[in-house]
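Q: I would like to see how this sequence folds:
(one chain, ligands or ions: 1)
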Amino acid sequence: MNSNKSSISTIVYMAIAFCTLQLSAQTYAKNGMVVSSNYLSSKTGVAILKKGGNAIDAAIATAFSLTVTLPSAGNIGGGGFIVFMNSEGKATTIDFREKAPLAATNDMYLNREGNLINGLNHMSVKAIGVPGTVAGLYLAHQKYGTLSWAELVQPAVDQAKNGFPFNWSLYEAAGRFTKEENKNSFMNSYFRDESGEVLQPNELWKQPQLAKTLALIRDKGKNGFYKGEVAKKIDQWMKENGGIITKKDLKKYKAIERQPIKGTYKGYEIYSMPPPSSGGVALVEMMNLMELANFDTIEFNSKEYVHLVAEAMRRAFADRAEHLGDPDFNLEMPLGKLTSKEFAKKRFQEIDMTRASVSDSTKFGQLYDGESTTHLSVMDKDGNAVSFTYTLEYSYGSQMGSPELGFIFNNEMGDFNPQSGITKSNGQIGTTPNLVAPEKRMLSSMTPTIVSKDGKPYLVIGSPGGRTIINTVFQTVFNVLEFNMRIDNAIEALKIHHQWLPDQIVYEKHLLSPDTRKSLEAMGHTLRERNNLGALMGITFDSEKRFLRAHRIRHNPIVARPGIDSMLKRLFTPRELTK
Ligand code: DON
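A: The predicted structure is shown next:
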């Protein structure tokens, strides 16, 4: 990849990057970009772009690398979604969501009295779904990749084998998992060196078992995971630990290419993930509804604005609960209706601008999600774009794995509705489309999204955050398309979340003034403050100036681009780490 950057852009970049150490930043590039949650992994993707790989190649290499560097969410033991748009604006998606094992049943989390057994669907060996990540990456490569598969997996093999500096968030997790009272032997030994000592910040963390598993995937492709030695060991581990995933489940797993959900907003085209994610449908439904409002008279973040946004969310989440699930098991989902402009009109008319609606818990509800998923956005020099979100569900998933294989299993089965017909206002949900069934995919909220302008990729966006994903992506897309906000401002703008049930507006600290809070409460809303929502990672393409602008929310932005790796490394790496 050529790196014809002017010194001016480098200076601008440096100045901005320097600020990011304290707060947050945007950055620019001409030749391609990778935005992910780990610097080393973003850099891995950039190296692939420099080698001549396209956005799909870079996303695959970054995702394998995140398995090594970000084991709380980066994974080969979980699943997720890719939205891909080529430089001509043609979009497609890859679904590699986990599946329920063949032995799963719709009452598998209930006791004899038919009551939900506390925690069984979220934190137990029975919460593990059949992993989809390797199949998804493999399918994406077969259909749209350009470099060899081995070239894309090799960097992760090297990172696992040779090690990388143990960072602060890993060290904090190690502190939690290695406490004496933690009886989870897999996680207890996960963050230790060969002599059994817990790793300290900056020490090299080597993962030899993971390196071996990744090498098999490198050499045998998808079969390196779903057949042979790895499959055999997963099967064996499941048998020894009371799990229900078998070799047959692994052999039968297939990633699926699906048509994206498509919507429009004032001339822009929105492409996002269809079921088994609910993200795309809910996003388009909310954008359609917002298109009907007049923002010359509704001021950004005023009480009317927050009310309208919350009411749009309430409705989209109610529809999500009622209708959405795995499309292979729900052949009649009204996707066309839910994403139509006509339906948005009906929904819009129901909103009373002076009063909060009431979410009816006798009908449907929502559960809160776990803490960890990760998103990456990529654009290459030709303008191809990838929006990629994958997850283990909770942070470190089920917190279980085979020590011989070195990776963590998901706990995604918790995303199914656990108890048929039982819906509570706190939000346990019991609707039919998302009940457990053998080989079914559980409903997701992940919302990898690409917006095109004049038929070409313009905005690439996504986030972790469970149910909040849909709403943080929605507000970011809306901020850019309606208010023409720059991507960094759109991402940084404080946000709200309403998910129908529990019936409350969750708002980011400092968003609402005391007066606005009082007014919203007087309208009938319940408010709950939260420190932050989401961790958005976005890229926009300025077609006139032909540059990319990227941003990752708050915390510590980690963005890499061709040509300036060494500088980035200095800026983003505390001095101690470079020793
Ligand atoms: O697929 C889903 O919607 C959830 N399993 C995602 C979980 C999640 O985002 C937790 N992270 N922050």
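Q: and residue 122, how many residues sit next to it?
A: 21 (other C-beta atoms under 10 Å). In this view, the C-beta of every residue, glycine as well, is placed from N, C-alpha and C.
Q: Likewise for residue 197?
A: Neighbourhood size, residue 197 [other C-beta under 10 Å]: 11.
Q: Please report phi then psi for it.
A: According to degrees, to the nearest 10, the main-chain angles of residue 197 amount to phi -80, psi 140.
Q: What distance do you get for it to the ligand?
A: Using C-beta to the nearest ligand atom, to the nearest Å, we find residue 197 at a distance of 30 Å from the ligand.
Q: contacting residues for residue 70?
A: By C-beta atoms under 8 Å, 6 or more residues apart in numbering, the residues touching residue 70 are 37, 38, 41, 374.
Q: just for this protein, where's the confidence low?
A: Within the chain, the segments meeting pLDDT under 70 span 1-26, 361-371, 427, 553-579.
Q: mind listing what the spatially most central residue of it touches?
A: Centroid check for the chain by C-alpha atoms, centre = their mean gives residue 389 as the closest residue, at 3.5 Å. Residues counted as contacts of residue 389 (C-beta under 8 Å, 6+ apart) are 80-81, 373-376, 446-448, 462-464, 469.
Q: Over to it. Which of the three states is it?
A: Recorded secondary structure, residue 389: strand (DSSP: H, G, I helix; E, B strand; the rest coil).
Q: element containing residue 358, please.
A: Counting by DSSP states H and E, no helix or strand carries residue 358.
Q: In contact with it, which residues?
A: Residue 358 touches 503, 524, counting by C-beta under 8 Å, 6+ apart.
Q: rewinding a little: now, which of the contacts of residue 70 lie close to the ligand?
A: Among these, no residue is within reach of the ligand (C-beta under 6 Å from any ligand atom).
Q: Take these and keep only those in strands.
A: Counted as lying in strands by DSSP state E, out of the contacts of residue 70, are residue 374.
Q: Ranking by neighbours, what's the top pick from the contacts of residue 70?
A: Neighbour-wise, the contacts of residue 70 (other C-beta under 10 Å) top out at residue 41, 30 neighbours.
Q: show me what contacts that residue?
A: Contact partners of residue 41, counting by C-beta under 8 Å, 6+ apart, are 62, 65, 66, 68, 69, 70, 74, 376.
Q: Compare those residues and tell me which has the most neighbours.
A: Counting by other C-beta under 10 Å, top hit in those: residue 62 with 33 neighbours.
Q: I'd say that one and residue 376 touch.
A: Yes - using C-beta atoms under 8 Å, residue 62 is in contact with residue 376, at 5.4 Å.
Q: Would you mind listing the residues touching both of the two?
A: The contact lists of residue 62 and residue 376 share 34, 36, 41, 42, 45, 388, where a contact means C-beta under 8 Å, 6+ apart.
Q: and of those residues, the nearest to the ligand?
A: residue 388 (13.5 Å; C-beta to the nearest ligand atom).
Q: Am I right that residue 295 is in contact with residue 482?
A: Yes - using C-beta under 8 Å, residue 295 is in contact with residue 482, at 6.1 Å.
Q: So the two - more neighbours on which side?
A: With neighbours defined as other C-beta under 10 Å, residue 295 and residue 482 compare such that residue 482 has more, 18 against 13.
Q: quick one, what contacts that one?
A: Residue 482 touches 265, 266, 290, 295, counting by C-beta under 8 Å, 6+ apart.
Q: of all the residues you listed, which two lie farthest apart?
A: Among the contacts of residue 482, the pair separated by the greatest distance (C-beta to C-beta) is 265 and 295, at 12.3 Å.
Q: Three-state assignment for residue 438, please.
A: Residue 438 ends up coil, using three-state DSSP.
Q: OK, contacts around it?
A: 100, 101, 102, 103, 104, 105.
Q: cool, and residue 436?
A: 100, 104, 105, 106, 108, 109, 413, 416, 417, 418, 442.
Q: Buried ones among those?
A: For the contacts of residue 436, a burial check counting by 16 or more other C-beta atoms under 10 Å picks out 100, 104, 106, 108, 109, 413, 416, 417, 418, 442.
Q: In contact with the fifth one, which residues are there?
A: This means residue 109. Going by C-beta under 8 Å, 6+ apart, the list of residues near residue 109 reads 116, 117, 120, 121, 126, 418, 419, 436.
Q: Repeat the analysis, applying 6 Å as the threshold.
A: Contacts were defined as C-beta atoms under 6 Å, 6 or more residues apart in numbering; by that measure residue 109 touches 116, 117, 120, 121, 418.
Q: just to revisit the earlier point, just the ones of the buried ones among the contacts of residue 436 in helices?
A: Judged by DSSP state H, helices contain none of the buried ones among the contacts of residue 436.
Q: and which of these is nearest to the ligand?
A: Looking across these and measuring by C-beta to the nearest ligand atom, the closest to the ligand is residue 442, at 7.4 Å.
Q: all strands of the stretch 151-300 of the chain, in order?
A: 164-165, 204-205, 256-258, 261-265, 268-272 (DSSP state E, counting those that start in this stretch).
Q: quick one, which of those strands is packed in tightest?
A: strand 268-272 (a mean of 25; mean count of other C-beta atoms under 10 Å).
Q: name the helices or strands packed onto that one?
A: strand 261-265, helix 279-291, strand 449-453 (3 or more C-beta pairs under 6 Å, 6 or more residues apart in numbering; DSSP states H and E).
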